[in-house]
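Engineer: model the structure of this input:
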Amino acid sequence: MQAALIVLSAVLGVAFGGPANGDQVPKVWDALAKLRGKDALTAEQIQDLYPNAVPGKDFPNNLAIPQPRAINCGSVQPGFHADTSAASDCQIFDRCDVNGNLTSYICPAMTRFNQITLICDWFFNVDCGQSAQFVDYSNSRLYAGESAKFLDDQNELSAGSSAGASVPVKKGKKKAKRQF
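Structural biologist: As a prediction, this is how the structure comes out:
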């Protein structure tokens with residue numbers, strides 16, 4: 001429940017965020033492409049891949065979280081950390097809170113933990129070998145306060161100028177349309 005609230009607040013932070021940070025390197029879409037490790041799949045490729053995927057070969061198939069955990073929350077930044085061990089293959093992830101407490105989770109079948117978005121994502125979107133380089137990418141913003149944006153909007157930032165200046169953000173509340 002606590003993890004869901006953190007992810008929800010991050011998403012809302014992007015949707016209604018304060019001033020643009022403009023400091024994520026690489027920018028979010030580039031980072032996601034790098035984490036994926038290959039070109040994005042088309043819908044047709046996913047339709048071919050999905051029914052033929054083999055558990056344990058194409059994606060991890062862990063049924064339990066191994067104990068004891070290898071992570072030491074006293075020596076890492078608070079936040080979410082993909083377990084990049086060969087046995088886990090990023091299906092298992094750990095949360096270290098600001099008090100150094102550890103909670104471990106397991107992603108559902110056919111998913112891996114995405115170290116950038118901090119959610120369980122389809123196995124074909126995450127190359128676990130790339131995850132370690134993104135540990136600080138989003139974790140550094142989790143406890144940064146109300147004004148921090150969770151993920152920079154690459155399109156918004158690139159529209160500012162070629163020098164990377166951020167685009168001003170309109171202040172005020174946005175009204176959401178209800179769809180039924």
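Engineer: name the nearest residue to T111, ignoring sequence neighbours.
Structural biologist: Nearest non-adjacent residue to T111, counting by Cβ to Cβ, 6 or more residues apart in numbering: C120, 4.1 Å away. Where C-beta positions appear, they are placed from N, C-alpha and C, glycine not excepted.
Engineer: next up, identify which helix or strand the one you found is on.
Structural biologist: Per DSSP states H and E, C120 falls inside strand 119-122.
Engineer: so where is the protein shaky, pLDDT-wise?
Structural biologist: For the chain, the stretches flagged by pLDDT under 70 are 1-23, 147-180.
Engineer: ok, now with 90
Structural biologist: For the chain, the stretches flagged by pLDDT under 90 are 1-29, 50, 140-180.
Engineer: residue ranges for the helices of it, please.
Structural biologist: Under the criterion DSSP state H, the chain carries helices at the ranges 2-15, 28-36, 43-52, 128-131, 135-142, 154-160.
Engineer: any idea what the residue nearest to T111 is bridged to?
Structural biologist: Beta-bridge partners of C120, counted by DSSP bridges, are F113.
Engineer: wait, it touches A109, no?
Structural biologist: No: in this structure, C120 is not within contact of A109 by Cβ atoms under 8 Å, at 10.1 Å.
Engineer: which of those two has more residues huddled nearby?
Structural biologist: C120 (19 against 14; other Cβ atoms under 10 Å).
Engineer: residues in contact with C128?
Structural biologist: The contact partners of C128, taken as Cβ atoms under 8 Å, 6 or more residues apart in numbering, are A82, T84, D89, C90, R112.
Engineer: who wins for most neighbours among those residues?
Structural biologist: Most surrounded of the contacts of C128: other Cβ under 10 Å gives C90, at 28 neighbours.
Engineer: what's the spacing between that one and G74?
Structural biologist: 23 Å (Cβ to Cβ, to the nearest Å).
Engineer: repeat for D58
Structural biologist: Separation of D58 from G74 (Cβ to Cβ): 35 Å.
Engineer: of the two, who's got more company?
Structural biologist: Shown here are D58 and G74; by other Cβ under 10 Å, D58 has more neighbours (14 against 8).
Engineer: can you tell me the closest non-neighbouring residue to that one?
Structural biologist: D58 sits nearest to F123 (Cβ to Cβ, 6+ apart), 6.5 Å away.
Engineer: and what of N139?
Structural biologist: G79 (2.9 Å).
Engineer: what do you get for Y137?
Structural biologist: I116 (5.4 Å).
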